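Student: missing the sequence, but the structure's below:
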């Protein structure tokens, strides 16, 4: 079984990939339409990408809070309950 520390690191990395991917995709769309009007469906997609980016950032904050609680109970390197 993976160590608690490794699981938190993996989930944090996934949140980061979601956030960065959504942000970069939004920027790419903005660049593609910088010299022309943005179609309504693309505007809506960009709004959803912004929402996704913000949700991933919020999830990362919640993960850090959970990590702090868990690390007070379980040793992050061994997965054993702290004494």
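Tutor: That came in fine, so what should we check first? None of these values were measured; they are calculated from a predicted model.

Student: which residues of this protein fall in strands?
Tutor: The residue ranges that make up strands in the chain, judged by DSSP state E, are empty, as it has none.

Student: What's the separation between the residue nearest the centre of it and residue 41?
Tutor: Most central residue of the chain, judged by C-alpha distance to the mean C-alpha position with Cα atoms, centre = their mean, is residue 15 at 2.3 Å. Relative to residue 41, residue 15 is positioned 27 Å away (criterion: Cβ to Cβ, to the nearest Å). Every residue, glycine included, has its C-beta placed from N, CA and C.

Student: Could you give the separation of the longest helix seen in the chain from the chain centroid?
Tutor: For the chain, the helix that runs over the most residues, judged by DSSP state H, is helix 40-73. The offset between the C-alpha centroid of helix 40-73 and the centroid of the whole chain comes to 5 Å, using Cα atoms, centre = their mean, to the nearest Å.

Student: what comes up buried for that helix?
Tutor: Along helix 40-73, these residues count as buried under the neighbour rule (16 or more other Cβ atoms under 10 Å): 46, 49, 52-53, 56, 59-60, 67.
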